[in-house]
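Peer 1: heads up, no residue letters with this:
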């Protein structure tokens, strides 16, 4: 699409905040002087500006967003997986852990971030604690469901072959639970990518940060660029995990 | 030690804040709930009929499932941001964003719920001379209710918590307090956060009770059983 078409589109949608876009000193539109027509008119999406700002704004934000998501999902998975294994053996544990994780899941992300700030400050730690808290319920339930859904006959066959309880878990139950676990990981990861945008309210990191910075001076390309990147990142993670699921469970062709 | 004491003081102060700013909190809660309510009604009007119909004719599995995956992938803040670019700032921006978040889980759960009703049961209904519409309303719908409600709960909690972000786009609600530390101080921020958290949990419970009341007596288990059934089914989606 040409710049002219884009600016026409944005003019038609009638939202230009001309005053903000025209201010030359506006910090969200660097290099205003030699900006393209699209940038000057605050077009819906200015590809040239996006490419130009990629190394400055978008690439670091994307990278920190990926890191933030990975840390949260990995830690969340370790905790939820351990809890699920324990609950699988000790049935009583499933109730309390399930209830606590469900409670954490219900909390609004922004509220949880703000509640943690007085304790852990405006740091990455605050963000990660909150993000981990949101993944627990999904990962715990997915793992437990996977382990419990193994047919009793299959388990009995293992017993008949003389496998110990630990061997049954490692060789039969866990492999059969993989599709369910992967499906939980996909949901949790996508959710984390989504919630991590809100982390920018606490600490200047991730794809939420260009969004929040742009709010004081509405420049469409920055909103749409960062928002689209977050959505694409979620799809990318989802795709990678789906592929991983297929590789880890070659016996099933069903959607994980 | 000092720090943790400071934290406790702030925490206690937030309750003082609730007392002294009760009117403000009520007013913001009102606009928060109104926004959430409108978003839920619009989402339900869009998603439930489509889900019911697709489930009834057992078609469109791909559509229903992929819509839900896309919905899950949409970051609410990014959505609001993109919409600022398209429809500008205000109530309608936030409303569209919330509907886009809430409609997918409702659609998918409704579809899965109706689609997974045992075919033998619908066949029995046909044998008894029920019209397709009667099968839908008298057989499929009651059996599908727990899973449909599980979708509604997911969506409602999502909406109530995402409505906090409405303040970014000038949509009002409790986010106005949570994100305005300059005006209300840390105790105000925490009071607002506690308030939203309570609201989300109450919303979740409200739908659980509503499901229990709407389930036909013959199908009614204990509240816990209904929840378990809904959860197990959705875990398999």
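Peer 2: Perfect, I can see it now. Since we're looking at a predicted model, the values are computed, not measured.

Peer 1: Could you grab the helix/strand/coil label for the closest residue in space to residue B:63 that isn't next to it in sequence?
Peer 2: Distances taken as CB to CB, 6 or more residues apart in numbering or on different chains place residue B:54 nearest to residue B:63, at 7.1 Å, with adjacent residues excluded. Backbone N, C-alpha and C define where each C-beta goes, glycine included. Following DSSP: H, G, I helix; E, B strand; the rest coil, residue B:54 is assigned to helix.

Peer 1: Near residue B:54, how many other residues are there?
Peer 2: A count of neighbours around residue B:54, defined by other CB atoms under 10 Å in any protein chain shown, yields 19.

Peer 1: List the residues that contact it.
Peer 2: B:60, B:63, B:64, B:111, B:114, B:115 (CB atoms under 8 Å, 6 or more residues apart in numbering or on different chains).

Peer 1: same deal with residue B:214?
Peer 2: Here residue B:214 is in contact with B:145, B:149 (CB under 8 Å, 6+ apart).

Peer 1: Repeat the analysis, applying 6 Å as the threshold.
Peer 2: Applying CB atoms under 6 Å, 6 or more residues apart in numbering or on different chains, we find residue B:214 in contact with no residue.

Peer 1: now it: how far from chain A?
Peer 2: Per CB to the nearest CB, to the nearest Å, residue B:214 is found 21 Å from chain A.

Peer 1: cool, residue B:90 as well?
Peer 2: For residue B:90, the distance to chain A - CB to the nearest CB - is 11 Å.

Peer 1: Now for that residue, how many residues are close by?
Peer 2: 15.

Peer 1: what's the nearest residue to it if we skip its chain neighbours?
Peer 2: residue B:170 (5.6 Å).

Peer 1: correct me, but the one you found touches residue B:89?
Peer 2: Yes - at 4.6 Å, residue B:170 and residue B:89 qualify as touching, with contact defined as CB atoms under 6 Å.

Peer 1: More neighbours: these two, which one.
Peer 2: Ranked by neighbour count (other CB under 10 Å), residue B:170 and residue B:89 place residue B:89 first, with 18 against 15.

Peer 1: So that one: helix, strand or coil?
Peer 2: Residue B:89 falls in the coil class when you classify it by three-state DSSP.

Peer 1: just residue A:150 next, same as before
Peer 2: coil.

Peer 1: Now the phi/psi pair for it, please.
Peer 2: phi -70, psi 130 (degrees, to the nearest 10).

Peer 1: Can you get me a residue count around it?
Peer 2: 19.

Peer 1: Repeat that for residue A:248.
Peer 2: When neighbours are defined as other CB under 10 Å, residue A:248 has 14 of them.

Peer 1: Could you tell me how far it is located from chain B?
Peer 2: On the measure of CB to the nearest CB, residue A:248 and chain B end up 19 Å apart.

Peer 1: I'd like the distance between that residue and residue B:108.
Peer 2: Residue A:248 is 25 Å from residue B:108, where distance means CB to CB, to the nearest Å.

Peer 1: got the contact list for residue B:177?
Peer 2: Residue B:177 neighbours (CB under 6 Å, 6+ apart): B:28, B:184, B:188, B:192.

Peer 1: please redo it, this time with the cut-off set to 10 Å
Peer 2: A:114, B:17, B:21, B:24-25, B:28-29, B:32, B:164, B:167, B:183-184, B:188-193, B:195-196 (CB atoms under 10 Å, 6 or more residues apart in numbering or on different chains).

Peer 1: Same check on residue A:106?
Peer 2: Here residue A:106 is in contact with A:134, A:137, B:153, B:157, B:160-161, B:197, B:200-205 (CB under 10 Å, 6+ apart).
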